[in-house]
Every structure is written in structure tokens, then in C-alpha cells.
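*Asks:* A structural model of the following input is requested.
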Amino acid sequence: MRQLYNKEKQLKLYLTINLTIMAYVISEDCIACGTCIDECPMGAISEGDIYTIDADLCTECGTCADVCPSGAISKG
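*Replies:* Numbering: from 1, shown residues only. Here you go, the predicted structure:
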């Protein structure tokens, strides 16, 4: 079930990137440390093979990019 959920999240991410220009994206440089999840005031970041940002919840505040230790979050 979790694998299906992750596939659905990946599809949503793909569609979001291709249909909506997101202000912030998480690259493959993500080390999955969880710092961004803990700091996001809207709870817009989800865990997975790479973390993802939910465009419907993100307010583009930039907190995630500011706290990312690997520099994996940047403006899209």
C-alpha cells in the first residue's frame, strides 16, 4: 500500500512540475535528513526516496531552502 502511495505522490510531483511552475523544488542532492520537514510551517514537504513539496500547501516562504544543509532546495 505504501508503495502505491509513493507512486501516486511521484505522479503528482511530475504533474505539478510539468503543469505548474513551483517556486521551490527539491533536487536529487537531497540527503533525506528531515530538516526541511521539521521547519516547514505549512507541512508541505513529504518524505520519500527524495522529498517532495506539495504545491497546494506550499506558500513559497523559502524556509525550507534556508535550512537545507545540502542545498538541495532551490527556486524552480
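
*Asks:* what stretches of the protein score poorly on pLDDT?
*Replies:* Judged by pLDDT under 70, the chain has its weakly predicted residues at 1-5, 11, 13-22.

*Asks:* quick one: contacts for C68?
*Replies:* 35-36 (C-beta atoms under 8 Å, 6 or more residues apart in numbering). In short, each C-beta sits where N, CA and C put it, glycine included.

*Asks:* go again using 6 Å as the cut-off
*Replies:* C36 (C-beta atoms under 6 Å, 6 or more residues apart in numbering).

*Asks:* how near is it to E8?
*Replies:* 25 Å (C-beta to C-beta, to the nearest Å).

*Asks:* ok, now Y51?
*Replies:* 16 Å.

*Asks:* neighbour-wise, which of those two wins?
*Replies:* Per other C-beta atoms under 10 Å, whichever of Y51 and E8 has more neighbours is Y51, with 21 against 10.

*Asks:* show me the contacts for that one.
*Replies:* Counting by C-beta under 6 Å, 6+ apart, Y51 has contacts 26, 30, 45.

*Asks:* one more time with 10 Å
*Replies:* By C-beta atoms under 10 Å, 6 or more residues apart in numbering, the residues touching Y51 are 26, 30-37, 45, 64, 68, 72-73.

*Asks:* And I37, by the same measure?
*Replies:* 43-47, 51, 64.
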